[in-house]
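A.B. asks: compute the structure for the input listed below.
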Amino acid sequence: MKLNCGLLAAAVAWSGLALATPQDAKAPPVGPPSPPITPGKPSANCTPSSQNPTFSQQQLYQLTSNFWNNFMYPKNCAQSQSINSTLLSQNIQGRIDLTRTFVGQELNTEYLFGLFCNLQSGSSFNVLGAPLNWTFTEFVGYGNLVSNTVLVYFNISSVGLVSPVSIQTYISFDSCGRISQYDAVFKWMDWQFQTVFAAGAALLGTTNATVVQDTLAELLASNICGVAQQYCTGSLQQYSSVEECMGFLTQQVPFGEAWQLGMDTLVCRDMHVNMVPYRPTVHCSHIGPTGGGMCTNDRTYASFVSNPFFSDQSALLQIPS
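C.D. replies: This next block holds a predicted model:
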């Protein structure tokens, strides 16, 4: 069957989807009153202490809220252009269950904020979407640690869908109020992927899962190959031609499931393609045949889930007196 990629693209372009207006989440204060702070915006001469700080619950709530507010479009664009975000510590390290571990202020600025910034424009086809608004569903804070779950609404304009995603995150803050470590889990994403596929199927007017996946693969690969041709040239070249690129992405690597955004899959390269314009020297290899250490099958389930992530594990086991 001939894939009707144009039908899906045209259907989305003229769908006229009504989108929610991006806005900051508002919620009642948590915990007792505390001295005012400027969440995540320390002074330029702030030097983090080597000791773990102690914040009130109110301060932790403000710091965490400030991050999520800036994760939303279009504030994430301002953060991504700042290089580097002052919401993040210089030596920040973060892990996202669906993808990989990200180390350093610049890389985390790009992935936490830049990744989703350009997805709202609808100028390229993707299955990720741009975050529009959010709200807390769970929040606990103690010392400099926060465990929280938020519901984030993503606009996946490529298939005409606004979809809620539940994100559970464990965060530590340094004494300047910057995020020093985080460990994030995107909950029930396999189900969310199926919801995206169903939206694509409705636009294509088919219930054939193979047709839907093949069509999405053609559209994702076309976008990746276009970026590769534009930004990955000379010593950064990944594919000799668009034809080679399309053949590799649609025939030699699997489409991938939600948990494989850090594996040798098409959807992993779809995630990383949004980073290429920021720093081609760093990110071109991530969309190429090797995967550049980001889209590779170099992990096992057991090693991933049993490897402690936070550098100071003892801090996670403190029991309030």
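
A.B. asks: those strands in the stretch 1-150 of the chain, which residues are they?
C.D. replies: 88-96, 101-103, 130-142, 145-156 (DSSP state E, counting those that start in this stretch).

A.B. asks: nearest to Leu236, out of those strands?
C.D. replies: strand 101-103 (20.8 Å; C-beta to C-beta). Quick note: C-beta positions are derived from backbone N, CA and C, even for glycine.

A.B. asks: which parts of that closest one are buried?
C.D. replies: Phe102 (16 or more other C-beta atoms under 10 Å).

A.B. asks: mind checking how far it is from the chain centre?
C.D. replies: On the basis of C-alpha atoms, centre = their mean, to the nearest Å, strand 101-103 is displaced by 12 Å from the centre of the chain it belongs to.

A.B. asks: what do you get for stretch 234-253?
C.D. replies: That offset, for stretch 234-253, works out to 24 Å (C-alpha atoms, centre = their mean).

A.B. asks: how about stretch 127-139?
C.D. replies: Counting by C-alpha atoms, centre = their mean, stretch 127-139 comes out at 11 Å from the chain centroid.

A.B. asks: state the mean pLDDT of it.
C.D. replies: Computed over stretch 127-139, the mean pLDDT rounds to 95.

A.B. asks: what's the answer for stretch 185-204, then?
C.D. replies: On average, stretch 185-204 scores 94.

A.B. asks: hmm, who's touching that stretch?
C.D. replies: 4, 7-8, 11-12, 15, 96-98, 127, 149, 156, 159-161, 163, 165-169, 207-209, 211-213, 215-216, 257-259 (C-beta atoms under 8 Å, 6 or more residues apart in numbering).

A.B. asks: in that stretch, what counts as buried?
C.D. replies: In stretch 185-204, counting by 16+ other C-beta under 10 Å, buried: 185-186, 189, 192-193, 195-197, 199-201, 203-204.

A.B. asks: now swap in stretch 259-267 and tell me
C.D. replies: 259-267.

A.B. asks: filter these down to the ones in helices?
C.D. replies: 266-267 (DSSP state H).

A.B. asks: from the buried residues of stretch 259-267, which is closest to Thr281?
C.D. replies: Gly262 (20.6 Å).

A.B. asks: can you get me a residue count around the residue lying closest to Gly141 once chain neighbours are set aside?
C.D. replies: Leaving aside its sequence neighbours, Gly141 sits nearest to Leu60 (C-beta to C-beta, 6 or more residues apart in numbering; 3.4 Å). Using other C-beta atoms under 10 Å, Leu60 has 27 neighbouring residues.

A.B. asks: got the contact list for Val273?
C.D. replies: 223-224, 227, 287.

A.B. asks: from those residues, which is closest to Thr137?
C.D. replies: Taking the contacts of Val273 together and measuring to Thr137 by C-beta to C-beta, the closest member is Asn223, at 32.8 Å.

A.B. asks: buried set for the strand or helix carrying the closest one?
C.D. replies: Element membership for Asn223, per DSSP states H and E: helix 209-231. Residues of helix 209-231 classed as buried: 211-225, 227-228, 231 (neighbour count, 16+ other C-beta under 10 Å).

A.B. asks: same check on stretch 140-150?
C.D. replies: Neighbour-count burial for stretch 140-150 [16+ other C-beta under 10 Å]: 141, 144-148, 150.

A.B. asks: what about the stretch 51-200 of the chain, any weak spots by pLDDT?
C.D. replies: For the stretch 51-200 of the chain, applying pLDDT under 70 flags the ranges 120-123.

A.B. asks: try it again at 90.
C.D. replies: 51-52, 81-83, 115-128, 157-158 (pLDDT under 90).
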